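K.L.:
The amino acid sequence is not available; the structure is as follows:
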């Protein structure tokens with residue numbers, strides 16, 4: 001689904017969300033309450049400039065609208081693979097974006113991520129996966145690494161990884177597998193405005209991704225390992 005259609009279904013034709021390059025920004029009203037919308041489109045590669053402009057929008061919301069909820073619209077092919085961005089410190093820019101989102105959560109802003117098209121790699125990790133909760137449309141595409149790339153990194157045969165992906169969602173791309181692992185909380189279907197309404201009402205006060213992954217059978221040990229580490233601290 002393109003961002004204009006999504007915005008219209010969520011907020012009406014006069015939604016007020018604007019596009020500047022691959023960056024989306026808007027201050028909208030939803031159920032009588034103001035809501036900040038920040039996002040990307042056209043499978044945007046997240047480079048230094050795009051990471052910083054998103055971080056600036058988050059910080060502006062903290063400064064000007066304390067406590068206001070934030071909706072992150074996610075459509076990214078991952079980090080920008082350019083020498084210029086590497087030299088400028090893309091790792092620090094993306095970390096800064098993630099820290100700004102985390103700060104918003106700590107300051108009492110409900111932050112909801114929505115993968116409406118594509119979410120890959122670091123561009124997803126430093127946005128939707130740091131929100132209070134990340135949801136997705138059923139047709140969205142989510143993955144961190146393709147199996148051929150995973151095979152090169154892990155030195156495991158691609159055929160073995162393909163076999164593992166049949167029974168273990170950790171090795172497999174796809175929005176359903178991210179739901180199973182707890183990375184995606186729920187899928188939005190039907191009335192998208194009602195889905196947003198429920199997402200804002202159910203925004204968790206603590207991170208439940210590991211617990212959800214255990215309950216859904218997608219990550220069976222993460223929650224127990226986390227608890228063992230906390231108990232030993």
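P.N.:
Ah, there it is. For clarity, every value in this text was computed on a predicted model and none was experimentally measured. Residues are numbered from 1 along each chain as shown.

K.L.:
Check the average confidence over stretch 194-205, would you?
P.N.:
Across stretch 194-205, the average pLDDT comes to 91.

K.L.:
and what of stretch 5-19?
P.N.:
On average, stretch 5-19 scores 95.

K.L.:
Pull the residues that contact it.
P.N.:
The contact list for stretch 5-19 (Cβ atoms under 8 Å, 6 or more residues apart in numbering) reads 3, 24-30, 37, 41, 73, 116, 192-193, 196. (Each C-beta comes from the backbone N, C-alpha and C, glycine too.)

K.L.:
Stretch 24-42 now?
P.N.:
With contacts defined as Cβ under 8 Å, 6+ apart, stretch 24-42 is touched by 2-3, 7, 10-11, 15-19, 22-23, 46, 50, 54, 57-58, 61, 65, 68-76, 117, 123, 193, 196-197, 200.

K.L.:
Give the buried subset of those residues as a ChimeraX selection command.
P.N.:
A single ChimeraX command selects the buried members of the contacts of stretch 24-42 (16 or more other Cβ atoms under 10 Å):
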select :3,7,10,11,15,17,19,22,23,46,50,54,57,58,61,68,69,70,71,72,73,74,75,76,117,123,196,200
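
K.L.:
Which members of the contacts of stretch 24-42 occur in strands, if any?
P.N.:
In strands, judged by DSSP state E, the following of those are found: 18-19, 23, 46, 69-76, 117.

K.L.:
how about residue 185, what does it touch?
P.N.:
133-135, 179, 199, 208, 212.

K.L.:
so it sits in a helix?
P.N.:
No. Residue 185 is assigned coil when assessed by DSSP: H, G, I helix; E, B strand; the rest coil, not a helix.

K.L.:
ok, so what distance separates it from residue 60?
P.N.:
26 Å (Cβ to Cβ, to the nearest Å).

K.L.:
Same check on residue 32?
P.N.:
22 Å.

K.L.:
Same question for residue 182.
P.N.:
Residue 182 is 31 Å from residue 60, by Cβ to Cβ.

K.L.:
Between these two, which has more neighbouring residues?
P.N.:
Between residue 182 and residue 60, counted using other Cβ atoms under 10 Å, residue 182 has the larger neighbour count: 23 against 13.

K.L.:
Now do the contacts for the more buried one.
P.N.:
Taking Cβ under 8 Å, 6+ apart as the test, what residue 182 contacts is 208-216, 218-219, 222.

K.L.:
how about the helices in this protein?
P.N.:
Listed in chain order, the helices found in the chain under DSSP state H are 3-11, 48-64, 83-88, 90-106, 121-125, 147-154, 158-165, 175-181, 192-201, 209-216, 222-232.

K.L.:
okay, the ones you listed in JSON lines with distance to residue 140 next?
P.N.:
Output for the helices of the chain, formatted as JSON lines (distance: least, Cβ to Cβ, whole Å):
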{"stretch": "helix 3-11", "distance to residue 140": "11"}
{"stretch": "helix 48-64", "distance to residue 140": "19"}
{"stretch": "helix 83-88", "distance to residue 140": "25"}
{"stretch": "helix 90-106", "distance to residue 140": "19"}
{"stretch": "helix 121-125", "distance to residue 140": "10"}
{"stretch": "helix 147-154", "distance to residue 140": "19"}
{"stretch": "helix 158-165", "distance to residue 140": "18"}
{"stretch": "helix 175-181", "distance to residue 140": "5"}
{"stretch": "helix 192-201", "distance to residue 140": "13"}
{"stretch": "helix 209-216", "distance to residue 140": "17"}
{"stretch": "helix 222-232", "distance to residue 140": "23"}
